[in-house]
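Dropping the sequence and predicted coords here.
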Amino acid sequence: MLKKLAFAATLMAATALSGVASAKTLVYCSEGSPEGFDPALYTAGTTFDASSRPVYNRLLEFEPGTTNPVPALAESYEVSDDGLQYTFKLRPGVKFQTTEFFTPTRDLNADDVVFSFERQFKADHPWHQYVAGAAWEYFNGMGFPDLIASIEKVDDMTVKFTLKQKEAPFIANLGMDFASIMSKEYADKLEAEGKKEQLNQMPVGTGPFAFVAYQQDAVIRYKANADYWGGKEKIDDLVFAITTDAAVRLQKLKAGECHVMPYPNAADVEGMKADSNLKVMEQEGLNIAYLAFNTKQAPFDRTEVRKALAQAVNKQAIVDAVFQGLATPATNPIPPTMWSYNKAIEDDKYDPAAAKAALEAAGVKDLSMKIWAMPVARPYMLNARRAAELIQSDFAAVGVNVEIVSYEWAEYLKLSKAEDRDGAVMLGWTGDNGDPDNFLHTLLGCAAVGGNNRAQWCNEEFDKIVNAAKVTVDQGERTKLYEEAQVVFKREAPWITLDHSLVVMPMSAKVSGYVMSPLGHHSFSGVDIAE
Amino acid sequence: MADTTAIEAPIQDPSSARRLAEFWYYFSENRGAVIGLVVFAVLVVVAVLAPLIAPHAPNAQYRDAVLVPPVWETGGRAAYLLGTDAVGRDILSRLLYGARFSLFIGVIVTTLALVGGIVVGVVAGFFRGWVDTVIMRVMDIILAFPSLLLALVLVAVLGPGLMNAMIAIALVLQPHFVRLTRAAVMAEKGREYVTAAQVAGASSFRLMFRTILPNCLAPLIVQATLSFSNAILDAAALGFLGMGAQPPTPEWGTMLAEAREFILRAWWVVTFPGLAILITVLAINLMGDGLRDALDPKLKRS
Amino acid sequence: MLRFLLGRLAVLIPTFIGVSIIAFSFIRLLPGDPVMLMSGERVMSEERYQQISHELGYDRPIVVQYLDYLWGVVRGDFGTSVVTKQSILDQFFTLFPATLELSLCAIVFAVVLGIPAGIFAAIRRGSVFDQTIMGTALIGYSMPIFWWGLLLIILFSGMLQWTPVSGRISLMFFFPPVTGFMLIDSLLSGQAGAFKSAVSHLILPTIVLGTIPLAVIARQTRSAMLEVLGEDYVRTARAKGLSPFRVIGVHALRNAMIPVITTIGLQVGVLMAGAILTETIFSWPGIGKWMVDSVFRRDYPVIQGGLLIIAGIIMLVNLAVDVLYGLINPRIRH
């Protein structure tokens, strides 16, 4: 049934396509298949690039090129004096996309907003389990079930969120992909027809591009949304050509088979820069790779030992060998593109002799330790094994014997959480909402010990600062607090901060108007292509 | 592969010296087999002497010599005859050490599969009945999966690594030995010398392993060479898929997997490890062909 | 014949059940935990973990899970993927035509080149031609095909730019999948150049996947021909003065083909194993790549369902070969 529908849709789209000969088509060689098209169900950026970013909008969205949340489907919002009530005024006249499989009869209203959120936390909601194993990962991961007291429709164009406690990053969270606004009318229609799962396969939203068809593991097609509230896009068709191999993506880019590609091999970047048919955009990613000691384990419970080892690591060598230079050695636990990044802090200088002396002074002799290396490539660490080998030889130079261990990825994540874990863990983080809280509190707060806090590091001073910043609304004050927190972090060195990777976006020289997102999103709104 | 099942037992009962001489006569007539043997011998020597002949340590990283091309290309350096990889390791040295791994994999996997297969096969062929039925069904089940897929999932279960890859490959290869052994044992069981031994009061165990087995060896040897090359290929394939030997082990398939991202920029890191696999497997297969010709009287005649 | 068929089927069913047990239990033994993987670097609370495990049914006794699964399979329900949350059977049917198309092309490639090569090598036994063909075949047989694929990409796609690097057809063409076979669909679409594009995308993967079957078929054909050429009736035919073409073409070939057909049938397993590597290299959206991706994503139900479906297909093809062989050669029917 469903498949037939999809066929019908593609058929019609095909005829429509062949009719318009001069349609402007932008092809994006994406790095993988989307898991589905309902962004709230998933956590992968690949999925968001294919669902929330082209098809949907959110109440607030990040201003292109920054991490600042700005009004989108909400025209404006007010915060009550106690900081617990957020009232959103919706933008009037926003149309949902008209597609071959759905024709909307009404504009966006408060019902859509309430529906989009309620399905994620009300266990008895008819859409809570509309696909098997729906876990609403981000909604839960960002702590919304414990944060939100209620979401109410005040009138057709007004929605009120009531929180249980003050939470400054809440506004930034609403710009995240899981907060995408779905069409309740479409959902009702699917429910009536008994094919709810289609919500996750053929999406309808208010975004700049309307979904046309998806060929599993091969191609996703969109067309510009003619009724888009932000104005129709300059390109007519948007195509995602799913190409998992980076070398192949580059081949296609060079052959003109696609116009934009993400995640090139570092080794190829130099060549791309030299190619006049291509242009290469670069930006620091919203990420950090670190080596977390277990600060509950001797001798790593001692600051001077951690500091000494931090001096022994040649970060530049890691950046060169693993990223071919496409990364910057990290000083602070948050990336430089994030507000409140403390530029005044200096990194521990690479000095094996000093490190050796410091270890001896600390009475540490014949130290043997484990270093955990992730089995998979992550954006912040492309090849953990290679990096671990470099650290191994760096540590050998200061008389520390390293055994590299690795586990299967899920196992790795699980075992590395344990408070009695043996050894230092290499891991990293990619920011979700551009808020420093999302790094400093999430990864280093006392509450996260035994969980996200892989260093098992609970420092009273640090914890007090980040908790204060969490409930402060004023951004200037928050900035000061976070800058201070970074000073404490560097002094105590629970991690050796390794690198922030650079995000590189090669594209055809014909492409214009592409804006890189510091959050790592790939969005094609506002992009044009020369014939 | 199917053709090896048609092999019959070798000529009965000449003295072993004569048998060997005859075997060598037929084997050495096959030029390919001799070439294969020579190449294989060279590989063994290389593997044994790797620490002596390799110009560098296999995991030594020369950070001033990253992705240096082979010596004959512009930019190549005499210190790195076949160039270096992404972290500045000498490819030639890694290949030389890699020979150790490949031969080791071949030997271990073949031994595991051979020993396991023979024991199970003899049991099935000798006892027949329900034991046989159960064993053969299990073998059918294993053979119902494509070998590489089964090995891949097995390694996923056991955890990626060279040891586990070898176990997985041995497991998927051994049904061939079971089938061969069982067929040979059943064929031999009816022969006079077996009945004679039985009458003389030999125990079942002795009968199976001392009397019958030596007479079924020829097809097993041929199958073993095939398994040897298959083991190397499958282990390399698993390494290539990231499920075999883990970096920085200089295993050839793993080297290929690591090299894949440089396919457009540094052809040498991709080309040489693959060539090494091909040459090794080819040499063993050439020997295998020679062995089959020498051991199989049927083909000898034609 | 019916009894023969029934006998084979009677063996097949317990084997299939065994296969299902293996597929099922493997997956339970996999170390990675799919529920953990869902959260990645983000940590999940213990109660939430329990809740999700419960929703996915992982907390029930293993035997219950198995019987439930088997009952589902009998009804044609292979479960849903934990990653995409979509029906496994649906996914299989969308991806299988790509693998089937590639495998058929590879087999055709192997047969069309392999059988004549084997025949000529047998006729000119011992000649330079024979030695060249057999030498090449042995190289092909020894080829690590994942490397072979990379070499071909470097040469034909990278240096010469003759063929596209990956995928099934240029993105410029867009038409609904009617049969799932890109060659047929591209013709049906009526779009100019679509067929050509589909063919150019198929060439390298076909060569890579067909290499080992080609080598095996060439070798098998040669040895089968040699055997037949030595038989009395062929000598008689020759002695009677029949033209060599007739002797080889009619008498020898027909008999030599019986083992060759069996060999071709046995290549199905080889092709499936090859598809895993070939599809990975060429980003070919088929079931080989699907399986590899699923192993890496720890998509339990997909690995389980995929193993079962693939093993089922291989068993059925082997049965078909058996039956075919029984028809051609009644002697083996016991």
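Sure thing, it's come through.

C-alpha only now, for contacts and for neighbours.
Will do.

pretty sure C:W148 is in a strand, no?
No - C:W148 sits outside any strand when classified using DSSP: H, G, I helix; E, B strand; the rest coil, being helix.

helix or strand for residue 222, which one?
Using chain A here. Following DSSP states H and E, the helix or strand that holds A:Y222 is strand A:219-224.

was after chain C, sorry
helix C:194-229.

re earlier: show me what the strand holding A:Y222 is packed up against.
When contacts are defined as 3 or more Cα pairs under 8 Å, 6 or more residues apart in numbering or on different chains; DSSP states H and E, strand A:219-224 sits against strand A:209-215, strand A:237-242.

Recalculate using a threshold of 10 Å.
Counting contacts by 3 or more Cα pairs under 10 Å, 6 or more residues apart in numbering or on different chains; DSSP states H and E, strand A:219-224 packs against helix A:2-19, strand A:25-30, helix A:45-50, helix A:52-55, strand A:209-215, strand A:237-242.

Lowest mean pLDDT across these, which one is that?
Lowest mean pLDDT of those: helix A:2-19, a mean of 42.

Mind listing what's buried along the helix holding C:R222?
Neighbour counts over helix C:194-229 (16 or more other Cα atoms under 10 Å in any protein chain shown) mark C:194-195, C:197-229 as buried.

Stretch C:240-258 now?
C:247-248, C:251-253, C:255-258.

What's the end-to-end length of that stretch?
25 Å (Cα to Cα, to the nearest Å).

which parts of the stretch 51-200 of chain B sit against chain C?
The stretch 51-200 of chain B comes close to chain C at residues B:136-150, B:152-159, as judged by Cα under 10 Å from any Cα of the partner chain.

repeat that with 6 Å
Within the stretch 51-200 of chain B, the positions near chain C by Cα under 6 Å from any Cα of the partner chain are B:141, B:144-146, B:148, B:157.

Could you dump those residues into CSV and include neighbour count and pLDDT?
Output for those, formatted as CSV (neighbours: other Cα atoms under 10 Å in any protein chain shown; pLDDT from 0 to 100):
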residue, neighbour count, pLDDT
B:I141, 22, 89
B:A144, 24, 86
B:F145, 26, 88
B:P146, 23, 88
B:L148, 25, 91
B:V157, 20, 81
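
Who are the packing partners of the helix holding C:R222?
Applying 3 or more Cα pairs under 6 Å, 6 or more residues apart in numbering or on different chains; DSSP states H and E, we find helix C:194-229 packed against helix C:88-123, helix C:128-141, helix C:182-189, helix C:253-282.

okay if I get the ones you listed as TSV plus distance to chain B and mean pLDDT?
TSV is the format used below for these (distance: least, Cα to the nearest Cα, whole Å; pLDDT from 0 to 100):
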stretch	distance to chain B	mean pLDDT
helix C:88-123	11	93
helix C:128-141	6	92
helix C:182-189	25	87
helix C:253-282	5	85
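
between those helices, which gets nearest to chain A?
helix C:88-123 (7.1 Å; Cα to the nearest Cα).

now C:M315, nearest residue through space, not along the chain?
B:A144 (6.0 Å; Cα to Cα, 6 or more residues apart in numbering or on different chains).

Which one of the residues in the stretch 201-350 of chain A is closest to chain C?
A:D217 (5.6 Å).

what sits against that residue?
A:33, C:285 (Cα atoms under 6 Å, 6 or more residues apart in numbering or on different chains).

Where does the prediction get shaky in the stretch 51-200 of chain B?
The stretch 51-200 of chain B contains no residues with pLDDT under 70.

same check, this time on chain C
In chain C, residues with pLDDT under 70: C:1, C:30-32, C:34, C:37-40, C:328-334.

In what element of secondary structure is A:V70 found?
Using DSSP H and E, the element containing A:V70 is strand A:69-71.

got it, and A:D432?
Counting by DSSP H and E, A:D432 is found in no helix or strand.

picking up where we left off before, now intersect the residues of the stretch 51-200 of chain B next to chain C with the helices, please.
B:141, B:144, B:148, B:157 (DSSP state H).

residue contacts, the first one?
This means B:I141. B:I141 touches C:15, C:19, counting by Cα under 6 Å, 6+ apart.

Tell me where chain B has helices.
So, for chain B - with DSSP H - the helices run B:16-29, B:31-53, B:91-127, B:129-144, B:147-158, B:162-189, B:192-199, B:204-206, B:217-240, B:252-259, B:267-295, B:297-301.

export those helices to JSON lines and tack on distance to C:V321?
Listed next are the helices of chain B as JSON lines, based on distance: least, Cα to Cα, whole Å:
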{"stretch": "helix B:16-29", "distance to C:V321": "35"}
{"stretch": "helix B:31-53", "distance to C:V321": "33"}
{"stretch": "helix B:91-127", "distance to C:V321": "25"}
{"stretch": "helix B:129-144", "distance to C:V321": "14"}
{"stretch": "helix B:147-158", "distance to C:V321": "19"}
{"stretch": "helix B:162-189", "distance to C:V321": "19"}
{"stretch": "helix B:192-199", "distance to C:V321": "36"}
{"stretch": "helix B:204-206", "distance to C:V321": "38"}
{"stretch": "helix B:217-240", "distance to C:V321": "23"}
{"stretch": "helix B:252-259", "distance to C:V321": "34"}
{"stretch": "helix B:267-295", "distance to C:V321": "26"}
{"stretch": "helix B:297-301", "distance to C:V321": "26"}
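
Relative to A:E284, which of the ones you listed is closest?
Of all these, helix B:252-259 sits nearest to A:E284, with 25.3 Å by Cα to Cα.

Provide the contact partners of that closest one at residue level.
Under Cα under 6 Å, 6+ apart, the answer for helix B:252-259 is B:98, B:236, B:239-240, B:269-270, B:273.

and that helix, how far out from the chain's middle?
In terms of Cα atoms, centre = their mean, to the nearest Å, the centre of helix B:252-259 is set 19 Å apart from its chain centre.

Convert that helix to PDB, retaining C-alpha atoms only.
The C-alpha atoms that make up helix B:252-259 are tabulated as PDB, following Å, rounded to 0.1, in the frame of the first residue of the first chain:
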ATOM      1  CA  TRP B 252      48.000  -6.800   4.300                       C
ATOM      2  CA  GLY B 253      44.200  -6.500   4.300                       C
ATOM      3  CA  THR B 254      44.300  -4.100   7.200                       C
ATOM      4  CA  MET B 255      46.900  -2.100   5.400                       C
ATOM      5  CA  LEU B 256      44.600  -1.900   2.500                       C
ATOM      6  CA  ALA B 257      41.700  -0.700   4.700                       C
ATOM      7  CA  GLU B 258      43.900   2.000   6.200                       C
ATOM      8  CA  ALA B 259      45.100   3.000   2.700                       C
END
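
got the angle for it vs helix B:217-240?
Angle, helix B:252-259 to helix B:217-240, by axes from the mean of the first three to the mean of the last three Cα atoms, to 10 degrees: 20 degrees.

just to revisit the earlier point, ok, then the element right after the strand holding A:V70?
strand A:74-79.

Tell me, how many residues neighbour whichever residue of the stretch 351-500 of chain A sits closest to chain C?
Among all residues of the stretch 351-500 of chain A, A:A410 sits closest to chain C, at 4.9 Å; criterion: Cα to the nearest Cα. Applying other Cα atoms under 10 Å in any protein chain shown, we find 22 residues neighbouring A:A410.
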